[in-house]
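Student: everything below, folded, please.
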Amino acid sequence: IPDSILLDIFSRLDYSELCMCSRVCQRWRILSDDFTLKRIIVVKKPLQERFFLSLINNHFTNNLQEFHLLKPKYNSPMNPFSLVIVKKSCFWQISNKSP
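Tutor: Below you'll find the model as predicted:
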């Protein structure tokens, strides 16, 4: 599959799906780090704090234009209220990464 096709496919994935794809092989890892994929980040599924911090550290760049945390349509036992509980330390890291 050509890189351009893979990049198009990757652009339709959310952050957690893109992370999973990056583990498939070295080529996919390199492609998943392409800056064009980092313009809009949409998080649709619950994230543990460590993954959220990784997201901030690795993907909050000057290319980032939008960041969305989408709340699930329904509450679940696993995550009754929100996608992520953002702690004070997370906000500090976000502010340090903001342009």
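
Student: now the strands for this protein?
Tutor: Counting by DSSP state E, the segments of the chain that form strands are 40-43, 66-69.

Student: does Tyr15 touch Leu55 like I think?
Tutor: Yes. Counting by CB atoms under 8 Å, Tyr15 sits close enough to Leu55 to count as a contact (6.1 Å). The way it works is simple: take the backbone N, C-alpha and C, and place the C-beta from them, glycine included.

Student: joint contacts of those two?
Tutor: Between them, Tyr15 and Leu55 share these contacting residues under CB atoms under 8 Å, 6 or more residues apart in numbering: Ile41, Val43.

Student: what are the ranges of the helices in the protein?
Tutor: 3-11, 15-21, 26-32, 49-59, 88-97 (DSSP state H).

Student: redo the ones you listed as CSV? Include mean neighbour count, distance to His68 and mean pLDDT.
Tutor: Formatted as CSV, the entries for the helices of the chain read as follows, by neighbours: other CB atoms under 10 Å; distance: least, CB to CB, whole Å; pLDDT from 0 to 100:
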stretch, mean neighbour count, distance to His68, mean pLDDT
helix 3-11, 13, 15, 90
helix 15-21, 16, 10, 83
helix 26-32, 14, 19, 91
helix 49-59, 15, 12, 75
helix 88-97, 12, 14, 65
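
Student: out of those, nearest to Gln65?
Tutor: Shortest separation from Gln65 across the helices of the chain is recorded for helix 49-59, at 12.0 Å, computed as CB to CB.

Student: packing partners of the closest one?
Tutor: Under the contact criterion of 3 or more CB pairs under 8 Å, 6 or more residues apart in numbering; DSSP states H and E, helix 49-59 touches helix 15-21, strand 40-43, helix 88-97.

Student: let's see 6 Å
Tutor: Counting contacts by 3 or more CB pairs under 6 Å, 6 or more residues apart in numbering; DSSP states H and E, the secondary-structure elements packed against helix 49-59 are helix 88-97.
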